[in-house]
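**Q** okay, structure incoming, though there's no sequence with it:
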Ligand SMILES: NC(=O)C1=CN([C@@H]2O[C@H](COP(=O)(O)OP(=O)(O)OC[C@H]3O[C@@H](n4cnc5c(N)ncnc54)[C@H](OP(=O)(O)O)[C@@H]3O)[C@@H](O)[C@H]2O)C=CC1
Ligand SMILES: O=C(CO)COP(=O)(O)O
C-alpha cells in the first residue's frame, strides 16, 4: 500500500517521518512551493517541526500529481479540510485518512463527514489519539486509533501505518473517534484557563471529569460507542491535552487564564470547535456548560473565575 501525506505542518511532517523510518518511500505535499523546496533541500521542517531531520525516503513536493498514492493522510487543520478537498480534485475517490481534530464551524460536521460531503466516492477514515507531533518525530512510543467503517480495509491500513514506535489500534466507530479528538481540545482550553488563573489542580481534575461527561453526552447522542470514548481517541487524548503545556489548546487556555495575548498564527483547533459544538448542543438540547464557558471566554471576554462561578452555582445534580 503506498501512502502519502498531504499537509506539511507539524503533524503531517511527523507522520511522514515515522513512516519513512520504516524504509517506506513517502511523499509529503506542502501547498507552498517555497516551503516544499526549503524542506526538500534542508531536510528539515524548520517552520513547524524544527530540530528533526527528514529521512532520505521522504520527498517533499508542492506538485500534487507527484504525491498521489493509494492512501492519502490529510494533515491540515479541521477548518481548512473543505478548502483542501475542493481545491485539490486529484484527491477524489481515494482512501482519505483525516489526521485532524475538530468540528467544522459552518456545518457542525466532523472530519469524516466533511470528506463524505465533499467527495461521496472517497473512502474516509480518521487517525487520532494522544500524540504530540514532536514525540512521534523523535521516535518516542505512541499509540493512536484508526477508525474506518470497513474493518477489512482497516486491518490492512492498520498494518501499513504501524511502526516499531507507533502502535495503531483499530475501530469501526468513526463518530466516536472523531468526536473524542475534537471535544477534548475544548476541555483542554478550559483546563489551561483554570491553571493559568491559578485555580489549582483540583479544579482542573473537576473540569477534565465533567468535560469528559460532556464529551460522552454529545458523542453518544450522535451514535458513538462508549468504549471508543474511553479509549485513546477520547479519554487518552483528553488526559494528554489537559495536562501538558506541549498542547497548543492548553497553552491557549493558559494565556486566557493569565490575560495574556496568544499568537493567532498558532493552530488552536478547540476555539472554532467550541463554537460549533455549542451550536450543535443547542440544536440537540444537550447540556454542555463547560463548552459554553469556553465560548464565553473566547468570544465574550468572560473570565475563567466568572465561568467557574457560573459552573459552581448550577443546581445540584446526580453525577
Ligand atoms: N501538532 C500535533 O502535535 C498534532 C496535531 N494533530 C492535528 O493535526 C491537524 C494539523 O495540525 P498541525 O499539523 O499541528 O498544524 P500546523 O499548524 O503545524 O500546520 C498546518 C498545516 O496545514 C497547512 N494548510 C492549511 N490550510 C491548508 C489548505 N487549505 N490546503 C493545504 N494545506 C493547508 C498549512 O500550510 P501552510 O504552512 O502553507 O500554511 C500547514 O502546513 C490538527 O487538526 C491537529 O489537531 C493531531 C495530533 C498531534
Ligand atoms: O492533539 C494533540 C495531542 O494529541 C495536539 O494537541 P494541540 O493541538 O493542542 O497541540
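**A** Noted; the coordinates are in hand. Remember, it's a predicted structure, so these values are computed and weren't measured experimentally. Ligands and ions are numbered 1, 2, ... in the order given.
**Q** what's the burial count for the closest residue to ligand 1 within the chain?
**A** Proximity to ligand 1, evaluated over the chain using Cβ to the nearest ligand atom, is greatest for residue 9 at 1.9 Å. C-beta coordinates here come from the backbone N, C-alpha and C atoms, glycine included. Neighbour count of residue 9, defined by other Cβ atoms under 10 Å: 21.
**Q** quick one: residues contacting the closest residue to it other than its chain neighbours.
**A** Once flanking residues are discounted, residue 9 sits nearest to residue 48: 5.0 Å by Cβ to Cβ, 6 or more residues apart in numbering. Residue 48 sits next to 8, 9, 10, 13, 133 when contact means Cβ atoms under 8 Å, 6 or more residues apart in numbering.
**Q** let me see the contact set for residue 220.
**A** Applying Cβ under 8 Å, 6+ apart, one finds that residue 220 lies in contact with 226, 229.
**Q** a strand runs through it, doesn't it?
**A** No. Going by DSSP: H, G, I helix; E, B strand; the rest coil, the assignment for residue 220 is helix, not a strand.
**Q** end to end on stretch 14-31, go ahead and measure it.
**A** Start-to-end span of stretch 14-31 (Cα to Cα, to the nearest Å) is 17 Å.
**Q** flag every buried residue along that stretch.
**A** Within stretch 14-31, the residues that count as buried by 16 or more other Cβ atoms under 10 Å are 14-22, 24, 26-31.
**Q** that stretch near ligand 1 anywhere?
**A** Yes. Counting by Cβ under 6 Å from any ligand atom, ligand 1 is contacted by stretch 14-31 at residue 31.
**Q** hmm, that stretch in reach of ligand 2?
**A** No. Figure legend: stretch 14-31 not in contact with ligand 2 (Cβ under 6 Å from any ligand atom); closest approach 10.6 Å.
**Q** now that stretch: mean pLDDT?
**A** The average of the pLDDT scores along stretch 14-31 is 97.
**Q** same thing with stretch 102-111?
**A** 98.
**Q** what residues does that stretch touch?
**A** 74, 77-79, 81-82, 98, 100-101, 113-114, 117, 124, 126, 175, 178-179, 181-182, 185, 269-270, 272-273, 275-277, 279-280, 283.
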